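structure for this input, please:
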Amino acid sequence: MKGKHLGWSIVTVAGASLSFAIVSERDLVDFPQLLFWLALLIIADLLPVALGFGAQVSMAFPVLIAISILFPPGSAMLTAGLGSFDAREFKREIPLWRALFNRAQWILAVGAASAILEVGDPFRYPEGLFLISAAALSILAISVGLVGLMLHADRGLRMSEAFELLVPRPVAGFFLLQAVLAGLGTATAKVYDEFGAVVSSVLLIPLLFARLSILGARAQQELSERVRKQQQALLEATERVFQERENERHRIAEEIHDSSLQLLAAASYGIGNAQEFMKVDRADNASEAMEGARDAINDAIKTLRDSLVDLRRSTVEEGGLLETIHRFTDQVSVLWGTEVGIEGTIEHEPPIPVALAAFQILQEGLTNALKHAHGSDVTVRIGDEDGMVHIVVEDKGPGFDPSAEVGADHVGMRLMKERAARVGGRIDLASSPGAGTRLEAILPGGVAR
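Numbering: from 1, shown residues only. The predicted model follows:
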């Protein structure tokens with residue numbers, strides 16, 4: 001709220017200053033001249049140089065210097081106010097007061113610079129050097145100062161913190177860059193004064209588009225760095241996943257030894273007892289021994305089935321993620337007696353760590369859906385686009401309130417989120433009482449094609 005009040009106050013001051021300057025001015029700039037400099041200013045504003053914390057000094061700086069040299073304060077302020085282009089205004093991404101504040105700071109800064117340059121001849125050495133230096137410093141001081149005040153009022157930053165964020169490091173390099181840009185603006189104004197708009201355009205416009213090429217190269221470099229980091233994360237995930245798999249196989253082997261084999265041994269012992277009881281015509285005791293042996297065998301079958309389901313994930317490496325998912329869903333459909341539909345496909349096989357994580361997440365998500373869907377059909381959707389693998393498990397069951405029922409102690413959900421995070425992905429869960437549940441895993445599938 002304080003930032004809004006400050007913004008409107010600065011807008012009021014800028015509007016009053018602009019009105020006073022125009023009224024005091026004898027001759028305004030003609031329309032073709034105004035249109036030319038507006039076009040240059042708008043093009044320059046499309047090529048910003050970030051200062052940090054959302055603030056920018058753009059390639060408009062040399063254009064504003066040229067306008068301050070060529071125009072009296074009223075015309076210079078009007079041109080700066082009309083030419084301060086910000087695409088966010090048209091997308092309605094910023095409120096009206098902030099858009100007007102952004103224009104107001106340029107109006108005041110250019111007005112001060114133009115007033116300074118009116119004191120003498122900016123093209124006469126050494127007088128012009130001091131005048132242009134003072135004008136350039138006034139533009140920087142007013143624009144950075146007003147943005148700093150806004151950060152102080154709107155976000156509670158101390159002024160020293162705001163200025164540290166706004167002025168990039170190294171400071172000497174920043175001011176050297178501004179000095180070069182101010183010199184470019186002065187040269188443009190001189191060329192315009194002597195040779196007109198066409199020649200000055202030939203001087204300035206190629207430099208503006210050269211800046212655009214530099215920004216494009218920088219964006220490509222940043223993209224390459226992100227890809228490199230993603231590949232590094234996948235390599236690290238590979239090691240973790242393989243180690244996890246080895247640990248899990250050891251765990252399953254121990255479970256088979258400690259549960260299934262012990263149960264089968266007990267069943268064998270029970271059958272042996274039953275045979276002995278049959279030899280001495282103790283049919284009741286033989287029947288009890290056989291009943292116990294049968295229960296032990298059924299329990300052993302159950303634990304072995306669970307172990308086989310866990311081991312199934314290793315087939316991701318052999319048949320690929322899609323084939324493994326189809327095999328697993330066919331298996332659980334029979335076990336649970338519930339129809340599981342599969343939609344979609346995968347065009348590009350993801351890296352092994354991602355495929356393993358995707359299948360492990362599918363196992364947990366599909367098992368949860370079958371447990372809670374109350375017999376309703378469950379749908380699995382698979383796809384890959386923009387370099388990402390999407391696995392969706394959706395049911396039409398009773399649903400639940402995720403905020404109330406999926407807490408820190410929900411082991412299955414925590415494991416799914418951890419597995420997704422390890423390969424650079426995430427889990428999205430949507431559910432509400434009476435509306436079913438939708439679980440989506442979004443995992444990196446490699447570089448987007």
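
low pLDDT regions in the stretch 101-250 of the chain?
Low-confidence segments of the stretch 101-250 of the chain (pLDDT under 70): 168-169, 197-224, 226-246, 248-249.

can you give me the strands in it?
Counting by DSSP state E, counting those that start in this stretch, the stretch 101-250 of the chain has no strands to list.

so where do the helices sit in it?
Assigned by DSSP state H, counting those that start in this stretch, the stretch 101-250 of the chain shows helices spanning 127-155, 159-166, 171-195, 197-255.

and for the strand or helix carrying Glu394, what's in contact with it?
Using DSSP states H and E, Glu394 maps to strand 388-395. By C-beta atoms under 8 Å, 6 or more residues apart in numbering, the residues outside strand 388-395 that reach it are 321, 346, 350, 354, 358, 361-362, 365-366, 369, 372-373, 376-384, 425, 436-445, 448. Any C-beta I mention is one placed from the backbone N, CA and C, and that applies to glycine too.

tell me the mean pLDDT over that strand?
Averaged across strand 388-395, the pLDDT comes to 90.

then stretch 361-374?
Averaged over stretch 361-374, pLDDT sits at 82.

phi first, then psi, for Leu429.
Main-chain dihedrals, Leu429, degrees, to the nearest 10: phi -120, psi 130.

tell me the confidence at it?
We have a pLDDT of 88 for Leu429.

pull the contacting residues for it.
Applying C-beta under 8 Å, 6+ apart, we find Leu429 in contact with 402, 406, 413, 437-440.

and the gap between it and Gly445?
Distance of Leu429 to Gly445, given as C-beta to C-beta, to the nearest Å: 21 Å.

what do you get for Glu288?
57 Å.

domains for this structure, by residue range?
Per automatic domain parsing, the structural domains of the chain span 2-195, 320-449.

in stretch 122-136, what's buried?
Counting neighbours by 16 or more other C-beta atoms under 10 Å, one finds that the buried residues in stretch 122-136 are 122, 128, 131-132, 135-136.

nearest to Ala296 among these?
Nearest to Ala296 among the buried residues of stretch 122-136, counting by C-beta to C-beta, is Ala136 at 89.8 Å.

identify the residue spatially nearest to the closest one, adjacent ones excluded.
The spatial neighbour of Ala136 that comes closest, neighbours along the chain excluded (C-beta to C-beta, 6 or more residues apart in numbering), is Ala182 at 4.1 Å.

now for that neighbour: which residues touch it?
By C-beta under 8 Å, 6+ apart, the neighbours of Ala182 are 61-62, 65, 132-133, 135-136.

which is the next helix or strand following the helix or strand harbouring Phe328?
Assigned by DSSP H and E, Phe328 belongs to helix 321-336. Using DSSP H and E, the helix or strand that follows helix 321-336 towards the C-terminus is strand 340-344.

packing partners for that following strand?
Judged by 3 or more C-beta pairs under 8 Å, 6 or more residues apart in numbering; DSSP states H and E, the packing partners of strand 340-344 are helix 321-336, strand 378-385.

now do the buried residues in it.
Judged by neighbour count using 16+ other C-beta under 10 Å, the buried positions of strand 340-344 are Val340.

quick one, that strand and strand 388-395 angle?
For strand 340-344 against strand 388-395, the angle by axes from the mean of the first three to the mean of the last three C-alpha atoms, to 10 degrees is 150 degrees.

relative to helix 321-336, how tilted is strand 340-344?
Going by the same axes, to 10 degrees, strand 340-344 is angled at 160 degrees with respect to helix 321-336.

sheet partners, orientation included, of strand 340-344?
strand 378-385 (parallel) (DSSP bridges).

buried residues, the strand it pairs with. List them.
Quick answer for strand 378-385 (16+ other C-beta under 10 Å): 378-380, 382, 384.

which of the contacts of strand 388-395 count as buried?
Among the contacts of strand 388-395, the ones that count as buried by 16+ other C-beta under 10 Å are 321, 346, 350, 354, 358, 361-362, 365-366, 369, 372-373, 378-380, 382, 384, 425, 436-445.

what about those, which are in helices?
Mapping these onto helices (DSSP state H) picks out 321, 354, 358, 361-362, 365-366, 369, 372.

what is the most widely separated pair among the residues you listed?
Val354 and His372 (26.9 Å).

what kind of secondary structure is Ile94 in?
Of the three states, Ile94 takes coil under DSSP: H, G, I helix; E, B strand; the rest coil.

just checking, it touches Arg88?
Yes: between Ile94 and Arg88 there is a contact at 4.8 Å, judged by C-beta atoms under 8 Å.

what is in contact with these two at once?
Counting by C-beta under 8 Å, 6+ apart, no residue touches both Ile94 and Arg88.

redo the domains of the chain as a markdown table? Include distance to Lys302.
Shown next, in a markdown table, are these (distance: least, C-beta to C-beta, whole Å):
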| stretch | distance to Lys302 |
| --- | --- |
| domain 2-195 | 58 |
| domain 320-449 | 10 |
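
nearest to Ile271, out of the ones you listed?
Closest to Ile271 of these is domain 320-449 (C-beta to C-beta; 27.0 Å).

pull the number of nearby residues for Glu276.
As a burial measure, Glu276 scores 12 neighbours (other C-beta atoms under 10 Å).

in a helix, it, correct?
Yes: assigned with three-state DSSP, Glu276 falls within a helix.

quick one: residues contacting it.
By C-beta under 8 Å, 6+ apart, the contact set of Glu276 is empty.

distance of it relative to Ala286?
Glu276 is 8 Å from Ala286, by C-beta to C-beta.

again, but for Gly387
Per C-beta to C-beta, Gly387 is found 65 Å from Ala286.
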